[in-house]
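> I would like to see how this sequence folds:
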Amino acid sequence: MLSFRDRLLATLRAAEPVLRVPGVLVVGSEVPNLLEPGAAATLVVSQDVDLAVPVDAHQLVKERLGEIVGLIPSSDEPSVWIPRADRPDLIELNFLGLDPSIVDPMDSYEKPDDRLPLMVFGPLSLLSEGPSLEIDGLHIPMPRPAGLAVEKRITDRSGEKGDRDLLVVAGLLCHMTEADVAHVTALIRRLTPELRHAVRSNLTILSLLGSRPAMPDPRLVREAVVRLLRDLEES
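Below you'll find the predicted structure:
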């Protein structure tokens, strides 16, 4: 039986032509899985892969879509690519729009297109390119973890989806250096007072969450969360 790690890496390999487009980043809940030693992928928060596509790279990405192997656009949502019936070794691939020129991270807009329409999410404007990973011969472009952690804290989700976003933050914090944590604080301080309040609220919720099987354990990062809350109170 294929492991989740096998399916995750097989999906990224299938999408490798798109991953080679400058500026495209793997984002979302799979980042902590890839950051684990050997990309162990033991933290199954969700079973899909998100790719952030810069709006100025949209055309280049479209030109590479025909090179994707084993995945096809969903008939309901062409920005979502699903495994073909004969490829149970793959998982879903989601294309998201990234516009670094967005000033207010709460601004989002649609980029219509006949082949690859994108929802351009304002919170993704907080992301910047980080060191790429080389896993089993596969080059994987990654964001700096701080930007992704802040993006997850201001994305407006509640209930189970909101909790899962916070667990992704816990998974990111497990792999952050001191410089990464300082970057988190600097990014938060640039936000509006309303968004800073939202971040503090979400951090408080994260500090109270319990562990769940096969997901990042928030208990392991409570000290880091408390430190971030303290730093924000002092800013």
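
> In the chain, what residue spans correspond to strands?
Under the criterion DSSP state E, strands of the chain are mapped to 25-27, 48-54, 71-73, 80-83, 92-98, 109-111, 118-120, 133-135, 138-140.

> which helices and strands does the helix or strand of the chain with the lowest mean pLDDT pack with?
Taking mean pLDDT, DSSP states H and E as the measure, helix 159-173 is the helix or strand of the chain with the lowest mean score, a mean of 85. If you count contacts as 3 or more Cβ pairs under 8 Å, 6 or more residues apart in numbering; DSSP states H and E, helix 159-173 packs onto helix 30-35, helix 145-154, helix 193-208. For the C-beta atoms, the positions are set from N, CA and C on the backbone; glycine is no exception.

> nearest to Glu67, of those helices?
Nearest of the helices and strands packed on helix 159-173 to Glu67, taken as Cβ to Cβ: helix 30-35 at 21.0 Å.

> follow-up on the earlier one: adding mean neighbour count and distance to Arg212, write the strands of the chain out as TSV.
Listed next are the strands of the chain as TSV, based on neighbours: other Cβ atoms under 10 Å; distance: least, Cβ to Cβ, whole Å:
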stretch	mean neighbour count	distance to Arg212
strand 25-27	24	22
strand 48-54	23	18
strand 71-73	17	29
strand 80-83	20	25
strand 92-98	21	21
strand 109-111	13	34
strand 118-120	19	28
strand 133-135	14	25
strand 138-140	15	26
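
> between these, which gets nearest to Ala39?
strand 133-135 (4.7 Å).

> in its sheet, what does that closest one sit against?
strand 138-140 (antiparallel) (DSSP bridges).

> tell me the contacts of Asn202?
Applying Cβ atoms under 8 Å, 6 or more residues apart in numbering to Asn202 gives the contacts 153-154, 162, 166, 169.

> nearest residue to the most centrally placed residue in the chain other than its sequence neighbours?
Centroid-nearest residue in the chain: Gly28, 1.8 Å away (criterion: Cα atoms, centre = their mean). Closest residue in space to Gly28, ignoring its immediate chain neighbours: Asp50 at 3.3 Å, by Cβ to Cβ, 6 or more residues apart in numbering.

> For that neighbour, give its distance to Arg115.
Distance, Asp50 to Arg115, using Cβ to Cβ, to the nearest Å: 19 Å.

> roughly how far apart are Gln205 and Met142?
For the record, residue 205 is Ile, not Gln. Between Ile205 and Met142 the computed distance is 26 Å (Cβ to Cβ).

> Comparing those two, which shows the higher neighbour count?
Met142 (18 against 15; other Cβ atoms under 10 Å).

> ok, now which ones touch the closest residue to that one other than its chain neighbours?
Of all residues not flanking Met142 in the chain, Gly130 sits nearest, at 5.0 Å (Cβ to Cβ, 6+ apart). Each residue near Gly130 by Cβ under 8 Å, 6+ apart is listed here: 142-145.

> swap the cut-off to 6 Å and go again
Contacts for Gly130 (Cβ atoms under 6 Å, 6 or more residues apart in numbering) come out as 142-144.

> Val120 now?
If you count contacts by Cβ under 6 Å, 6+ apart, Val120 has them with 97, 99, 109, 111.

> Output the below-cut-off pLDDT ranges for the protein.
44, 156-159, 234-235 (pLDDT under 70).
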